[in-house]
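1. how would this look folded up:
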Amino acid sequence: MFSKSHFTPFLYGPCTDNISITDKNFLEFHWKPVNDTVFMGYELKIYEGLKTRKEHLIFSQMIPGAVRATPIEIRLFQPGHTYSWELRQIYFGGEKSRRAYCSFKITPNKVN
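-> As a prediction, this is how the structure comes out:
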């Protein structure tokens, strides 16, 4: 039997190169859990750029288990920049799933 740490949550988004934050206050992050196993929550981390290293970390949050999406204030993001995010499911007892990873780019503001 596999350990829970062999599984990965599914990330719905943001995961594209054309995320617009114009006229928005929040950017919504969506995912699906590994399975219906009882678990404690999620560990969400957002990084500037494509490298998921500590020095690029700009946001980290623990999220309760029943939640499948969370809004993040857009003030964290800059037009024209690329960001990466990872999510891990946290089980009771401290075991964690594999990390799910996705990157996205904020579209530059258009000047009229």
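2. so where's the protein shaky on pLDDT?
-> Counting by pLDDT under 70, the ranges of the chain that qualify are 1-6, 36-37, 110-112.
3. and if we set it to 80?
-> Along the chain, the parts satisfying pLDDT under 80 run over 1-6, 35-38, 109-112.
4. that one: strands as residue ranges?
-> Taking DSSP state E as the test, the strands found in the chain are 10-13, 26-32, 41-48, 57-64, 69-73, 82-90, 100-105.
5. let me know the angle separating the second one from strand 100-105.
-> For strand 26-32 against strand 100-105, the angle between stretch directions is 150 degrees (axes from the mean of the first three to the mean of the last three Cα atoms, to 10 degrees).
6. what about Phe29, neighbour count?
-> 24 (other Cβ atoms under 10 Å). C-betas here are computed from N, CA, C, even on glycine.
7. can I assume it is in contact with Trp85?
-> Yes - using Cβ atoms under 8 Å, Phe29 is in contact with Trp85, at 6.5 Å.
8. overlap of the contact sets of the two?
-> Pro14, Leu44 (Cβ atoms under 8 Å, 6 or more residues apart in numbering).
9. list the contacts of the residue nearest in space to the middle of the chain.
-> Nearest to the geometric centre of the chain sits Trp85, at 4.1 Å (Cα atoms, centre = their mean). Going by Cβ under 8 Å, 6+ apart, Trp85 touches Leu11, Pro14, Phe29, Leu44, Lys45, Ile46, Tyr47, Tyr101, Cys102, Ser103, Phe104.
10. cool, thanks, signing off.
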